[in-house]
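Enquirer: Kindly generate the corresponding structure for this input.
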Amino acid sequence: MLKIKTFIYLLVFLSFSTVSLVSAETLSDLDKSKIKSVVEKQLQAFAEDDFEEAYFYAAPLIKQIFSSVEVFKNMVTTQYQAVYRPKKIDFGDVKIIRGAPTLSVFLVDPDGNFVTAIYLMQQQSDLSWLISGCYLKTSDFEQI
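Expert: From the prediction side, this is the model:
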């Protein structure tokens, strides 16, 4: 388990180091809307167990690390229950953190724990947005 968590933290670090750096001024309302839409679509795909669709929204770095839909599915279903089977989803704001566009999503995991998913986003050459990482933070709130 420690090995997997270390790998996930490494993935987040790599995502921060490879995403396009932008300033808050260059992120338009349309970009923010597109970012939210991509995350919503991936969460919907997870809800429908459509891992091919969910994998579509992963940035190239994620696809290099998780080289197939099956490998991606295994990672999500074993390590990301909060995003795979959330009881509740609330979207936060798109913000720039260390030059990288991020979206906070507030979740209640299957066990009733509050979790914040920080989605790292990467703009592609065609100006679309893809998910370049997701970091989960548990909350100090009690279970519901």
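Enquirer: so where's this structure shaky on pLDDT?
Expert: 1-25, 140-144 (pLDDT under 70).
Enquirer: what number of residues lie near residue 135?
Expert: A count of nearby residues for residue 135, using other Cβ atoms under 10 Å, gives 17. (Glycine included, C-beta is placed from N, CA and C.)
Enquirer: Start at 15, not 1
Expert: Yes, from this point I'll number from 15; that puts the last item at residue 149.
Enquirer: Show me the helices in this structure, by range?
Expert: For the chain, the helices defined by DSSP state H cover 16-32, 43-61, 65-70, 74-79, 83-93, 95-98.
Enquirer: which of those sits most buried?
Expert: helix 95-98 (a mean of 21; mean count of other Cβ atoms under 10 Å).
Enquirer: Check which helices and strands that helix sits against.
Expert: Counting contacts by 3 or more Cβ pairs under 8 Å, 6 or more residues apart in numbering; DSSP states H and E, helix 95-98 is packed against helix 43-61, helix 83-93, strand 114-122, strand 128-137, strand 143-152.
Enquirer: Just the buried residues of the last one, please?
Expert: For strand 143-152, burial by neighbour count (16 or more other Cβ atoms under 10 Å) applies to 143-150.
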